[in-house]
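Participant: Dropping a prediction and its sequence here:
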Amino acid sequence: GLDFASGPGGSIAFIADADRDGNGDFRMDTGDVIRASQRNIRIEGANIRVGGIRTNTLLNTDGNGGSITLSTIDRPNATGNIEVLGEFNIVLPNGSNDSGGPFSLASFRGVSRSGNGGNITIQSDNGFVNIASGNINTTASVDAGDVTIKAPIFVTIGGDLRSFSPTLDNGIVNITSNEISFTGDENSVTGDASINLSPFTQNRDINLGFTNGRLGLDLPRTDIDALNTPVSGPVNIGTENDGGTVTLSDSVTPAEVNLIRGGSTLVGPNVASTWDITGNNQGEVNEINFENIENLEGGTGNDQFIFSAGVDADAAIRNINDPEGDNTLNLLASTTPVDVDLNTRRIRNGTILGPAVSPNTLSGVDGLFNQWTITGTNSGSVENPEGTLTFSNFQNLTGGSGNDSFTLGGGTVAAINDTGGGSTLIGENIDTTWNITSTNAGTVNGANAFTNILNLVGGTADDTFVFSDGTNVTTVNDIGTTTADVLDYSAYVSPLS
């Protein structure tokens, strides 16, 4: 390290490029430290790399810490890069007696001069980065420099951070940490091309726009407000390889967050929301874009999940979970038949709209008593202890692993199948012919083909149960008390037992 006599007062300058011809770098190793208690330090050069700089007051000493300024401003044609690197914690001064005076990182090139800004990198390998106050600026008239800040524990930005080009819109701000905080004013962070925020640790949860503290990478309302400068580019959250849960509050708008880049699950706000699924693991919710998201979870409001034309509705999203509200799963635009499994499309109350193409299959929830009622052509409802859904454009119905019941209530479907082993098919209160064509399988009035149905229940009108040779069902019951019901075994050539 390099130690100077303590202040108060006095300045120390390291000038590596005094003639500003673009030659002359200032470099420190990661473990090196410059100590100058209560003195101001200024470092200039074509490029700057520093380890530790300490201008804080010494223990039991009164007075303010000194300022730190790192500058590569306005070198010929382009401005150099600044790197602040540390193995553990990087604490940049906040003006208090303990931590030091004002802080500035400047690799900008004045917008009145032609040229490019330099990049600024601040990285802690195993600790945190705390920039309690001061400014970071890579603004330029042509190419703005990028700002990259990375630390595993947390990153705190207390002042202004600017990466801006008035002509090319190309300044980028990248911040990676398990906790990110912006403690300055509203509109204090500008990334002209984009602002990219992501957790350091993979699979960490992300929370956006809440007022209360939450576990994970928590970006509360105050942080969202800091990002929304008028000239900022899109704000992008997460990375494509993230595996955690991203949760949106009611207050976040597409003007504030443009893209959720990844996560295992995206949880929507507790307001009425529209989810547009535009491709595999991608789409938008209330016009906030998302990609690399396998699971969608609606909030407490009424949600619509709409699959765009050309999207594989079976494969585009692994799971949809929305047990609250009056919700809609809209598959009308699908150009291929769909197989909707209510175990992975956990919409419990609302409507499911199948596409016009056929055949489409709707499968019930496992482990529950699903009561299916067929009221129209390929349409009806399914009710279980978790809620009631109406459906349309589904030719095939499949029961869950429990004992489901299927009631013909004025409608027809192509096929009814059960997987639970104890389901019941209940006929209409009209004259009905039941054709049993194989064990626990057959048709009703020449339609409504059924398989694996153990129990048949006739209505209040006349029912005729016609058995093909060698066929049977586990139970036949008829609720009519004054009707002429028939069990027809005339096709049998084998003995009855």
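Facilitator: On my side now, so go ahead. Numbering: from 1, shown residues only.

Participant: Mind listing the residues bridging to the spatially closest residue to I180 that is not a sequence neighbour?
Facilitator: Leaving aside its sequence neighbours, I180 sits nearest to V155 (Cβ to Cβ, 6 or more residues apart in numbering; 5.1 Å). For the C-beta atoms, the positions are set from N, CA and C on the backbone; glycine is no exception. For V155, the beta-bridge partners under DSSP bridges are V129, I180.

Participant: How about the contacts made by V155?
Facilitator: V155 is in contact with 128-131, 149, 175-177, 179-181, counting by Cβ atoms under 8 Å, 6 or more residues apart in numbering.

Participant: go again using 10 Å as the cut-off
Facilitator: 90, 122, 124, 128-131, 149, 175-182, 197, 200 (Cβ atoms under 10 Å, 6 or more residues apart in numbering).

Participant: What sits closest to R214 if chain neighbours are left out?
Facilitator: Spatial nearest neighbour of R214, chain neighbours left out: N207 (4.3 Å); criterion: Cβ to Cβ, 6+ apart.

Participant: The one you found against I180, yeah?
Facilitator: No. Using Cβ atoms under 10 Å, N207 is not in contact with I180; the gap is 11.4 Å.

Participant: Please enumerate the shared neighbours of those two.
Facilitator: 217-219.

Participant: nearest to G420, of those?
Facilitator: Among the shared contacts of N207 and I180, L217 lies closest to G420 (Cβ to Cβ), at 42.8 Å.

Participant: So that closest one sits against G238, correct?
Facilitator: Yes. Contact criterion Cβ under 10 Å: L217 and G238 qualify, at 8.6 Å.

Participant: hey, what's in contact with both of these two?
Facilitator: Common contact partners of L217 and G238 (Cβ under 10 Å, 6+ apart): 197-199, 204, 206, 208, 244, 246.

Participant: Tell me which entries of those residues lie within strands.
Facilitator: 197-198, 206, 208, 246 (DSSP state E).

Participant: still on that earlier bit, give me the subset of the shared contacts of N207 and I180 that lies in helices.
Facilitator: Among the shared contacts of N207 and I180, no member falls in helices (DSSP state H).

Participant: Any of those residues buried? List them.
Facilitator: Those of the shared contacts of N207 and I180 that meet the buried threshold are 217-219, by 16 or more other Cβ atoms under 10 Å.

Participant: Distance to I288 and pLDDT added to those residues, as TSV?
Facilitator: Shown next, in TSV, are the buried ones among the shared contacts of N207 and I180 (distance: Cβ to Cβ, whole Å; pLDDT from 0 to 100):
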residue	distance to I288	pLDDT
L217	17	93
D218	18	94
L219	14	94
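
Participant: so which of the residues you listed comes closest to D366?
Facilitator: Ranked by distance to D366 (Cβ to Cβ), these are led by L217 at 34.6 Å.

Participant: ok, now how distant is S232 from E287?
Facilitator: Taking Cβ to Cβ, to the nearest Å as the measure, S232 falls 17 Å from E287.

Participant: With neighbour numbers in mind, choose between these two.
Facilitator: S232 (24 against 11; other Cβ atoms under 10 Å).

Participant: what's across from the nearest residue in space to that one that is not next to it in sequence in the sheet?
Facilitator: Nearest non-adjacent residue to S232, counting by Cβ to Cβ, 6+ apart: T190, 5.2 Å away. Beta-bridge partners of T190, counted by DSSP bridges, are R162.

Participant: for the one 5 residues further on, same thing?
Facilitator: Note on I195: beta-bridge partners by DSSP bridges are V173, V235.

Participant: For it, the count of nearby residues, please.
Facilitator: I195 - counted by other Cβ under 10 Å - has 28 other residues nearby.

Participant: ok now do it, which residues does it touch?
Facilitator: Contacts for I195 (Cβ under 10 Å, 6+ apart) come out as 147, 161, 163, 171-175, 189, 226-229, 232-237, 257-258.

Participant: at 8 Å instead, please
Facilitator: I195 neighbours (Cβ under 8 Å, 6+ apart): 172-173, 175, 189, 227, 232-236.

Participant: and the residues you listed as a markdown table, adding pLDDT?
Facilitator: Shown next, in a markdown table, are these (pLDDT from 0 to 100):
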| residue | pLDDT |
| --- | --- |
| I172 | 89 |
| V173 | 91 |
| I175 | 95 |
| V189 | 89 |
| L227 | 88 |
| S232 | 72 |
| G233 | 83 |
| P234 | 89 |
| V235 | 92 |
| N236 | 94 |
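
Participant: Selection in PyMOL covering whichever of the residues you listed are buried, please.
Facilitator: Remark: buried members of the contacts of I195, expressed as a PyMOL selection using 16+ other Cβ under 10 Å:
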select buried, resi 172+173+175+189+227+232+233+235+236
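
Participant: and which of the contacts of I195 is nearest to G1?
Facilitator: The closest of those to G1 turns out to be I175 (Cβ to Cβ; 28.4 Å).

Participant: That closest one: which element?
Facilitator: strand 172-176 (DSSP states H and E).

Participant: who touches that strand?
Facilitator: 146-151, 155, 157, 161, 163, 189-200.

Participant: same deal with stretch 462-480?
Facilitator: Residues from elsewhere that reach stretch 462-480, judged by Cβ under 8 Å, 6+ apart: 427, 431-442, 453-461, 483-489, 491-494.
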